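Trainee: predicted model follows, preceded by the sequence.
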Amino acid sequence: MKRYPVFKTMKFLGSTSLVTFVLFILTNTATNHYFPSEIGTVLSINEVLSVYFIIVLSCLVTELLFKGVTNSSTYKWLHSPWMYYLAVTLLLAMFCYVAWVRASQPIQNGLWLDYTTLPLSAVLYCLFRQTFGLIRIKKTDVI
């Protein structure tokens, strides 16, 4: 079974779009909870596109690094995207958490979401990436 050439691009763009959508829903829910006076605030298209560009750029860099590691490595455990993405993001989140503990300032108004955004984005991206990977396309399905 052969996939058509645009499948990887569709999988990547679909995964990043879903990650952006879920993060905006999470942000909107947190904003409505912590700042009820800003419930009617609408995001501009520039804000959405800039966040989407940041997510696409970071996922593209990690995707290229993942491909480079899997092509040059013989270790089986490095061929799992879950291990690769989560190890890196949990390490970065740990550094952020340690920096917060050293500063010992109380987290106010939902800023705790900032410390969980990176691991949450990595889990969502891997989940959507695996979900799009389950889609099997046959030659007869191509237009």
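Mentor: Yep, that arrived. Numbering: from 1, shown residues only.

Trainee: quick one: distance of the helix or strand of the chain with the lowest mean pLDDT to the chain centre.
Mentor: Least confident element among the helices and strands of the chain, by mean pLDDT, DSSP states H and E: helix 81-103 (a mean of 75). In terms of Cα atoms, centre = their mean, to the nearest Å, the centre of helix 81-103 is set 14 Å apart from its chain centre.

Trainee: for stretch 8-18, same thing?
Mentor: With Cα atoms, centre = their mean, you get 11 Å for stretch 8-18.

Trainee: which other residues reach that stretch?
Mentor: Identification of contacts with stretch 8-18 by Cβ atoms under 8 Å, 6 or more residues apart in numbering yields 52, 55-56, 59-60, 63, 124-125, 128-129, 132-133, 135. In short, each C-beta sits where N, CA and C put it, glycine included.

Trainee: please, a ChimeraX command that selects the buried ones among those residues?
Mentor: In ChimeraX syntax, the buried subset of those is picked out as below (16 or more other Cβ atoms under 10 Å):
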select :52,55,56,59,63,124,125,128,129,132
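
Trainee: now go through the contacts of stretch 8-18 and say which are in helices.
Mentor: Applying DSSP state H to the contacts of stretch 8-18, the entries found in helices are Y52, I55, V56, C59, L60, E63, L124, Y125, F128, R129, F132, G133.

Trainee: give me the secondary structure label for the closest residue to the last one other than its chain neighbours.
Mentor: Across the structure, with Cβ to Cβ, 6 or more residues apart in numbering as the measure, the residue nearest G133 apart from its sequence neighbours is K11 (6.7 Å). Per DSSP: H, G, I helix; E, B strand; the rest coil, the local secondary structure of K11 is helix.

Trainee: where does K11 land on pLDDT?
Mentor: Looking at K11, its pLDDT stands at 83.
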